[in-house]
Every structure is written in structure tokens, then in C-alpha cells.
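1. coordinates only, sequence not included:
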């Protein structure tokens with residue numbers, strides 16, 4: 001049950017991110033049917049750089065990815081049937097988390113859903129331009145989770161830069 005919770009927690013999140021990459025990647029690829037202006041290319045390059053930095057590095061690499069791995073490690077060391085069953089939610093901080101972590105996870109999810117709904121209203125090529133940046137950030141996020149999994153294997157959970165944020 002220890003390994004199952006770890007694998008299901010991290011694997012479930014990776015599957016969710018990969019699903020989003022594939023889905024949004026298709027929308028981003030629709031850009032090939034458009035002839036972008038110089039301004040649209042410039043906006044896309046700036047947006048891409050911003051999303052790699054903000055979503056990929058600041059959001060995923062510094063915060064979300066290490067927390068997913070450290071919480072999965074905690075779950076492997078402290079398995080409870082319900083937590084293992086809901087391991088992806090556990091690793092994202094929705095359950096068995098400090099009130100602050102739970103609130104931050106819910107607020108971030110609400111913000112992401114709001115941005116997704118707004119982006120869906122954009123016409124092409126603007127939606128594709130937005131999705132190029134989002135996909136790049138998500139790919140960075142998947143890479144970050146893999147990076148922290150390797151770091152966990154080499155040096156242990158104490159080497160990860162974030163706390164598990166579980167109740168005392």
C-alpha cells in the first residue's frame with residue numbers, strides 16, 4: 001500500500017498534466033493554419049518566455065512539483081486507505097493538509113479554472129498563442145516533477161525545498 005499511494009499520487013498528477021498538454025497542444029498547433037503578424041509573433045515569444053518563467057519555474061519548479069513529491073513521500077511513509085485512494089488529491093494538498101495549504105490549493109485551482117474559461121472565449125490565433133505558453137509551462141512542470149523524483153531517490157525527502165504541509 002505504501003508504493004501504491006506514492007505511484008498513484010504522482011502518476012495521477014502526471015497523467016492529468018499530460019492530458020492537458022495533449023489537449024492544449026492540439027489547440028496551439030492550430031496556429032499553423034494562421035499567418036501571424038509580426039506583433040502576434042512578438043506577443044507569442046514574450047508570452048512563452050513569461051509562462052516558462054512564471055508557470056513553469058516559479059509555479060511548478062519552486063512550489064508545486066517539490067510539494068507533490070514530498071507529500072507523496074509522506075503518504076508512502078504514513079499510508080491510510082482513504083489517503084491512498086485519493087492520492088492525487090492528497091499530493092495536491094486538498095486533503096490531509098494544513099488549513100493554509102488547503103486554502104492555497106483551492107484558491108489556485110479556482111484561479112486556474114477562471115483562466116481556462118477566459119482563454120476558451122478567445123478567438124484564434126489568440127487562443128493558440130495563449131496555449132503555446134501554457135503548454136510550455138506544463139511541460140516544464142512535468143519535467144520538474146521528474147527532477148524532484150530523481151532528487152528524492154538520491155537524497156531523500158529532507159532534500160526537497162518545501163514542507164509536506166500536513167496537520168500536526
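-> Nice, I can see it. Computed from a predicted model, the values in this text were never measured in an experiment.
2. Now for residue 74: which residues touch it?
-> Shown in contact with residue 74 (Cβ atoms under 8 Å, 6 or more residues apart in numbering): 157, 164, 166. Where you see a C-beta, it was placed from the backbone N, CA and C, and this is true even at glycine.
3. how near is the last one to residue 145?
-> I take that to be residue 166. 19 Å (Cβ to Cβ, to the nearest Å).
4. do residue 83 as well
-> In terms of Cβ to Cβ, residue 83 sits 19 Å off from residue 145.
5. quick one on the thing from earlier: I'd like to know which of the contacts of residue 74 are buried.
-> 157, 164, 166 (16 or more other Cβ atoms under 10 Å).
6. Can you lay out those residues as JSON lines showing pLDDT?
-> Converted to JSON lines, the buried ones among the contacts of residue 74 look like this (pLDDT from 0 to 100):
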{"residue": "157", "pLDDT": "77"}
{"residue": "164", "pLDDT": "92"}
{"residue": "166", "pLDDT": "94"}
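7. I'd like those as CSV, with distance to residue 19 and secondary structure appended.
-> Conversion of the buried ones among the contacts of residue 74 to CSV gives the following (distance: Cβ to Cβ, whole Å; DSSP: H, G, I helix; E, B strand; the rest coil):
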residue, distance to residue 19, secondary structure
157, 27, helix
164, 26, coil
166, 27, coil
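8. Just the closest of the residues you listed to residue 106, please.
-> residue 166 (16.5 Å; Cβ to Cβ).
9. Contact partners for the closest one?
-> 71, 74, 96, 97, 98.
10. does the first one really touch residue 88, like I thought?
-> No - shown here, residue 71 and residue 88 do not form a contact pair, counting by Cβ atoms under 8 Å, at 10.3 Å.
11. Pull up the overlap in contacts between the two.
-> residue 9.
12. which of these two has more neighbours?
-> Taking other Cβ atoms under 10 Å, residue 71 and residue 88 do not tie; residue 71 has more neighbours (29 against 18).
13. Without its sequence neighbours, what residue ends up closest to that one?
-> Nearest non-adjacent residue to residue 71, counting by Cβ to Cβ, 6 or more residues apart in numbering: residue 91, 4.7 Å away.
14. three-state assignment of the one you found?
-> At residue 91 the chain is in helix, as set by DSSP: H, G, I helix; E, B strand; the rest coil.
15. before we move on, the earlier item: in a markdown table, list the contacts of residue 166 along with secondary structure and pLDDT.
-> Below are the contacts of residue 166 laid out as a markdown table (DSSP: H, G, I helix; E, B strand; the rest coil; pLDDT from 0 to 100):
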| residue | secondary structure | pLDDT |
| --- | --- | --- |
| 71 | helix | 97 |
| 74 | helix | 96 |
| 96 | coil | 97 |
| 97 | coil | 97 |
| 98 | coil | 96 |
